[in-house]
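**Q** Sequence first, predicted coordinates after that:
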Amino acid sequence: MFRYSLTKLFYLVLSLWVLASVTFLLMKSIPGDPFMSEKAVPPEIRARLMAHYGLDKPLYEQYFVYLSNLAKGDLGISMKMQDREVGQTIRDAFPYSLKLGIVSIIVSVIVGIGLGMVAALRHRKLLDSASMVIAVLGVSVPSFVLASFFQYIFGVQLKWLHVVGLNGPLDYIMPTLALSALPIAFIARLTRSSMLEVLTADYIKTAKAKGLSSSAIIRRHVLRNGILPVVTYLGPLTANVVTGSFIIEQIFGIGGLGKIFVTSISNRDYSLIMGITLFYGLILMCARFITDIAYGLIDPRITLVSGKEKAV
């Protein structure tokens with residue numbers, strides 16, 4: 001486990017360096033600069049701004065300064081928010097995105113596994129068909145369409161919930177449902193297919209022959225082995241929730257990191273774009289690492305050898 005963790009840590013640092021380099025080069029390849037706007041900026045003021053942010057230096061020098069600052073944990077200063085550090089902006093906005101993301105992941109896993117279990121245990125019956133219809137709808141309808149639909153029905157027509165903001169627990173309902181629809185559908189279908197396979201396994205027949213009750217078989221054998229693919233999906237699930245929150249935060253007017261990221265792209269705020277991209281990249285890589293560890297803990301037959309999973 002220790003060797004595996006060190007290997008993963010090395011690849012994580014390497015991946016962050018690649019991500020930082022690619023993001024830096026992409027930002028520099030975009031035509032124009034952060035100080036282009038509808039109102040013309042006098043050449044002397046523009047020159048002073050370029051010098052202040054180091055954009056007048058050669059590209060290779062900007063790159064090494066950027067990497068040097070990253071090594072110190074310095075993500076730079078926003079080019080649109082006066083005297084505002086990128087790190088401070090992330091610290092202020094991320095709690096909103098984090099709360100919404102955690103709630104969405106919990107709802108996705110619980111509801112998705114629940115629907116999948118019901119569908120598997122009631123195979124080819126009404127509950128199975130109903131669960132799969134819900135899953136198909138979750139996959140088919142985009143999150144931004146669901147978000148707008150929820151706003152219109154529950155916010156405008158029925159006036160049960162607030163259309164924008166996160167001012168209380170009830171305000172999490174619509175964003176969470178819109179953000180969780182696709183993961184719920186995917187997890188439900190994944191759990192159903194996995195549990196149907198487990199239910200026909202020989203060791204389940206042996207457990208029934210020994211006289212174990214149905215609830216004990218489901219709890220000890222079916223559920224534990226049936227959710228293994230769901231654990232594998234937790235890494236992509238985190239990515240789905242993180243990237244989906246960009247649109248959802250814009251629609252619901254949530255002042256989270258996703259909304260700031262979209263705004264920074266519109267404003268060509270190079271420092272903020274690169275800082276948030278790296279931050280999200282780190283989150284996704286850590287989620288993947290935790291998923292790999294959890295996979296080995298849930299299934300003792302899986303051992304971690306030289307950064308790879310191996311069945312024993």
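**A** That came through fine.
**Q** pLDDT below threshold where in the stretch 201-312 of the chain?
**A** Applying pLDDT under 70 to the stretch 201-312 of the chain flags the ranges 240, 243-244, 295-312.
**Q** can you do 90?
**A** 201-251, 253-271, 273, 279-312 (pLDDT under 90).
**Q** Would you map the helices across this protein?
**A** Per DSSP state H, the chain carries helices over the ranges 2-29, 43-52, 59-71, 86-121, 126-140, 143-150, 173-199, 202-209, 214-217, 223-226, 228-251, 257-267, 270-298.
**Q** Let me have these in JSON lines, extended by mean neighbour count and distance to Phe35.
**A** Glycine gets a C-beta too; all of them are placed from N, C-alpha and C. JSON lines is the format used below for the helices of the chain (neighbours: other Cβ atoms under 10 Å; distance: least, Cβ to Cβ, whole Å):
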{"stretch": "helix 2-29", "mean neighbour count": "14", "distance to Phe35": "14"}
{"stretch": "helix 43-52", "mean neighbour count": "12", "distance to Phe35": "5"}
{"stretch": "helix 59-71", "mean neighbour count": "13", "distance to Phe35": "16"}
{"stretch": "helix 86-121", "mean neighbour count": "19", "distance to Phe35": "17"}
{"stretch": "helix 126-140", "mean neighbour count": "15", "distance to Phe35": "43"}
{"stretch": "helix 143-150", "mean neighbour count": "17", "distance to Phe35": "32"}
{"stretch": "helix 173-199", "mean neighbour count": "23", "distance to Phe35": "34"}
{"stretch": "helix 202-209", "mean neighbour count": "12", "distance to Phe35": "66"}
{"stretch": "helix 214-217", "mean neighbour count": "12", "distance to Phe35": "66"}
{"stretch": "helix 223-226", "mean neighbour count": "18", "distance to Phe35": "56"}
{"stretch": "helix 228-251", "mean neighbour count": "20", "distance to Phe35": "25"}
{"stretch": "helix 257-267", "mean neighbour count": "20", "distance to Phe35": "10"}
{"stretch": "helix 270-298", "mean neighbour count": "19", "distance to Phe35": "11"}
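**Q** So Thr176 is in contact with Val103, correct?
**A** Yes: counting by Cβ atoms under 8 Å, Thr176 does reach Val103; the two are 5.2 Å apart.
**Q** shared neighbours of those two, anything?
**A** Contact criterion Cβ atoms under 8 Å, 6 or more residues apart in numbering; residues shared by Thr176 and Val103: none found.
**Q** Report pLDDT for the residue nearest to Gly226 when sequence neighbours are not counted.
**A** Distance criterion Cβ to Cβ, 6 or more residues apart in numbering; nearest residue to Gly226, sequence neighbours excluded, is Met195 at 3.8 Å. Looking at Met195, its pLDDT reads 88.
**Q** just to revisit the earlier point, can you tell which of the helices of the chain is closest to Asn167?
**A** Comparison of the helices of the chain against Asn167 by Cβ to Cβ identifies helix 86-121 as nearest, at 11.4 Å.
**Q** so what's Phe69 scoring on pLDDT?
**A** No Phe there; residue 69 is Asn. 89.
**Q** swap that for Val103, sorry
**A** 91.
**Q** before we move on, the earlier item: roughly how far apart are the residue nearest to Gly226 and Gly114?
**A** 12 Å (Cβ to Cβ, to the nearest Å).
**Q** surely Val139 meets Phe186?
**A** Yes: Val139 is within contact range of Phe186, at 7.0 Å (criterion: Cβ under 8 Å).
**Q** Distance of the residue nearest to Gly226 relative to Ser29?
**A** 48 Å.
**Q** Next: Gly168.
**A** Using Cβ to Cβ, Gly168 is found at 44 Å from Ser29.
**Q** For Lys210, give me phi and psi.
**A** Phi and psi for Lys210, reported as degrees, to the nearest 10, are phi -80, psi -10.
**Q** So what's the residue count around it?
**A** As a burial measure, Lys210 scores 8 neighbours (other Cβ atoms under 10 Å).
**Q** ok, now which ones touch it?
**A** The contact partners of Lys210, taken as Cβ under 8 Å, 6+ apart, number zero.
**Q** cool, and Ile173?
**A** If you count contacts by Cβ under 8 Å, 6+ apart, then Ile173 has 154, 161 around it.
**Q** how does it look with 7 Å?
**A** Shown in contact with Ile173 (Cβ atoms under 7 Å, 6 or more residues apart in numbering): Leu161.
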